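Enquirer: Sequence first, then the predicted structure, then my questions.
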Amino acid sequence: MEGRYSALDTALEQLRIAAEKLELDTGIHEMLKYPKRTLVVSINIRMDDGSIKTFTGCRVQHNDARGPFKGGIRYHPDVTLDEVTALAMWMTWKCAVVDIPYGGAKGGVCCNPKEMSMGELERLTRRYISLIFDLIGPYRDVPAPDVYTDAQTMAWIMDTYSQMKGYSIPECVTGKPLSVGGSEGRAEATSLGVMFCVREAAKLLGLKMKNAQMVVQGFGNVGWNAAKIAYDWGCKIIGVSDSSGGIYCPEGLNPYKVYQHKTKTGSVVDFEQCKNLTNEELLELECDILVPAALENQITKTNAANIKAKIIAEGANGPTTPEADKMLNEKGVLLVPDILANSGGVTVSYFEWVQNLTREHWTLEEVNQKLENKIVKAFNDVYKTSEDEEEPMRTAALMLGVGRVAEAIRTLGLWP
Ligand code: GLU
């Protein structure tokens with residue numbers, strides 16, 4: 001691995017750049033480098049074979065100047081405290097960029113969900129929530145899905161929290177199934193937001209969406225739904241991948257069929273009439289649009305020079321290192337940064353929370369229209385800042401996000 005850029009190195013370097021451009025008060029810059037609160041927990045659960053296993057988990061609350069903490073929970077074997085800290089910081093900027101009244105947090109459990117049964121995952125989730133119980137709540141910190149957690153995980157969270165309180169509290173978590181207070185459109189929201197950003201970016205370049213060649217790295221919730229929406233909009237999906245590898249088909253592939261293939265075989269690899277390739281090769285394919293929707297640190301100084309996409313829309317959090325950012329910018333790539341591109345997920349999480357608090361249920365059309373308004377407004381805000389400041393979209397988004405958080409901190413003042 002090049003440079004050994006950790007997610008936290010990336011996040012801190014991005015904050016440094018924004019602080020410099022904003023001429024941010026050094027005290028506020030220092031404050032924003034660290035999370036407000038971190039809790040590390042040992043999650044002991046009974047495995048199906050009767051043995052007891054201990055997993056390490058954490059919840060990191062970065063900043064809540066603009067509202068309650070908000071952010072997903074990730075289950076992954078590579079989860080570290082540094083990574084979750086970076087992800088929590090990105091949530092703070094993301095909520096500020098898309099202008100929803102939340103701060104930023106993230107949770108993580110170091111485990112391999114692919115090797116665990118539903119029963120084990122349920123016990124892990126419930127025990128983890130019982131351990132971070134004092135930190136979370138509808139007005140404190142509202143969890144949501146992230147890598148390898150889904151609507152079912154959120155239902156277990158709602159139930160555990162509600163059982164411990166003694167009454168039903170749907171607004172304590174977002175990304176829930178529809179049957180227990182979830183919002184229409186939440187599952188596709190991140191990807192729809194990504195595609196609204198791609199559409200706006202394409203307009204700027206005079207690129208038509210019809211037949212635009214798109215490559216998607218990652219075929220989880222974000223990658224698969226982005227490929228599906230793009231396909232429905234007439235884009236040509238020429239390559240997709242997951243953690244096992246990628247597939248390439250210059251004539252364009254049907255993501256619905258790839259999804260079926262992955263459901264059957266466990267991976268996108270070996271899909272009919274496609275050429276198999278590595279994740280590294282996939283990122284370097286000739287294409288119009290590249291959507292990294294997997295993990296951090298995918299576009300680095302090692303491969304940035306070989307990236308051929310005209311538009312990159314970051315479905316994942318932190319897929320590009322600061323060194324790669326510079327190289328892509330010099331090449332003239334239009335990069336829509338994570339804190340803007342994937343903010344659709346937390347935006348519809350916010351809509352879900354509002355619906356829960358007001359005991360309302362909005363239609364899919366309402367949700368998607370409100371989402372489009374929010375994302376297009378945020379895109380234009382970031383683009384305008386980028387033009388005014390003559391900075392790339394990433395720096396502009398960070399300036400906007402960090403600037404709004406700093407403004408809230410100044411307005412609240414320091415207690416005591
Ligand atoms: N995990 C998602 C993200 O990184 C969603 C967070 C949320 O909905 O709170 O933005």
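Expert: Noted; the coordinates are in hand. Numbering: from 1, shown residues only.
Enquirer: what's the closest non-adjacent residue to the residue in the chain that the ligand sits nearest to?
Expert: Per CB to the nearest ligand atom, residue 72 is where the chain lies closest to the ligand, at 2.7 Å. The C-beta positions use only the backbone N, C-alpha and C, and glycine is treated the same way. The shortest distance from residue 72 to any non-neighbouring residue, by CB to CB, 6 or more residues apart in numbering, is to residue 146 (3.0 Å).
Enquirer: do you know how far that neighbour is from residue 82?
Expert: Counting by CB to CB, to the nearest Å, the gap from residue 146 to residue 82 is 16 Å.
Enquirer: Comparing the two, which shows the higher neighbour count?
Expert: residue 146 (26 against 14; other CB atoms under 10 Å).
Enquirer: Identify the residues contacting that one.
Expert: Going by CB atoms under 8 Å, 6 or more residues apart in numbering, residue 146 touches 71-74, 87, 106-107.
Enquirer: Model confidence for it, exactly?
Expert: If you check residue 146, the pLDDT there is 98.
Enquirer: Who is the residue of the chain closest to the ligand paired with across the strands?
Expert: Per DSSP bridges, the residues bridged to residue 72 are residue 144.
Enquirer: if I read this right, it contacts residue 104, doesn't it?
Expert: No. Here residue 72 lies out of contact with residue 104, judged by CB atoms under 8 Å, at a distance of 10.7 Å.
Enquirer: Looking only at neighbour counts, state which of the two leads.
Expert: residue 104 (31 against 25).
Enquirer: mind checking the backbone torsions on that one?
Expert: phi -130, psi 140 (degrees, to the nearest 10).
Enquirer: Could you do residue 282 as well?
Expert: According to degrees, to the nearest 10, residue 282 has phi -60, psi -40.
Enquirer: So the residue nearest to it when sequence neighbours are not counted: helix, strand or coil?
Expert: Once flanking residues are discounted, residue 282 sits nearest to residue 246: 3.8 Å by CB to CB, 6+ apart. Look at residue 246: counting by DSSP: H, G, I helix; E, B strand; the rest coil, its state is strand.
Enquirer: show me the contacts for residue 246.
Expert: With CB under 8 Å, 6+ apart, residue 246 has these contacts: 217, 239-240, 268-269, 276-279, 281-282.
Enquirer: that older thread, would JSON lines of the contacts of residue 146 with pLDDT be doable?
Expert: JSON lines is the format used below for those (pLDDT from 0 to 100):
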{"residue": "71", "pLDDT": "98"}
{"residue": "72", "pLDDT": "98"}
{"residue": "73", "pLDDT": "98"}
{"residue": "74", "pLDDT": "98"}
{"residue": "87", "pLDDT": "98"}
{"residue": "106", "pLDDT": "98"}
{"residue": "107", "pLDDT": "98"}
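Enquirer: do you know how far residue 278 is from residue 222?
Expert: Taken as CB to CB, the span from residue 278 to residue 222 is 20 Å.
Enquirer: which of these two has more neighbours?
Expert: It is residue 222, of residue 278 and residue 222, that has more neighbours when counted by other CB under 10 Å, with 29 against 11.
Enquirer: And what about the more buried one, helix, strand or coil?
Expert: Under three-state DSSP, residue 222 comes out as helix.
Enquirer: correct me, but it touches residue 341?
Expert: No. Taking contacts as CB under 8 Å, residue 222 lies outside contact range of residue 341: 10.0 Å.
Enquirer: Residues that sit against both of those two, list them.
Expert: By CB under 8 Å, 6+ apart, the residues touching both residue 222 and residue 341 are 194, 315.
Enquirer: so what's residue 402 up against?
Expert: Taking CB under 8 Å, 6+ apart, one finds 15, 18-19, 22, 24, 32, 93, 96 in contact with residue 402.
Enquirer: right, is the helix or strand hosting it up against the ligand?
Expert: Element membership for residue 402, per DSSP states H and E: helix 393-412. No. Figure legend: helix 393-412 not in contact with the ligand (CB under 6 Å from any ligand atom); closest approach 12.9 Å.
Enquirer: Stretch 357-368 too?
Expert: No. Using CB under 6 Å from any ligand atom, stretch 357-368 stays clear of the ligand, coming no nearer than 13.6 Å.
Enquirer: Buried residues of that stretch, list them for me.
Expert: The neighbour-count check on stretch 357-368 (16 or more other CB atoms under 10 Å) flags 362, 366-368 as buried.
Enquirer: Now do the end-to-end distance for that stretch.
Expert: Stretch 357-368 has an end-to-end distance of 19 Å (CA to CA, to the nearest Å).
Enquirer: of all the residues in the stretch 201-350 of the chain, which ones are close to the ligand?
Expert: So the stretch 201-350 of the chain meets the ligand at 317, 342, 345-346, 349 (CB under 6 Å from any ligand atom).
Enquirer: Could you rerun that using 5 Å?
Expert: By CB under 5 Å from any ligand atom, the residues of the stretch 201-350 of the chain that approach the ligand are 345-346, 349.
Enquirer: Likewise for the stretch 51-200 of the chain?
Expert: Near the ligand, when you scan the stretch 51-200 of the chain using CB under 5 Å from any ligand atom, you find 70, 72, 144, 146.
Enquirer: out of those, who's nearest residue 51?
Expert: residue 146 (27.5 Å; CB to CB).
Enquirer: pLDDT score assigned to the residue nearest to residue 282?
Expert: 98.
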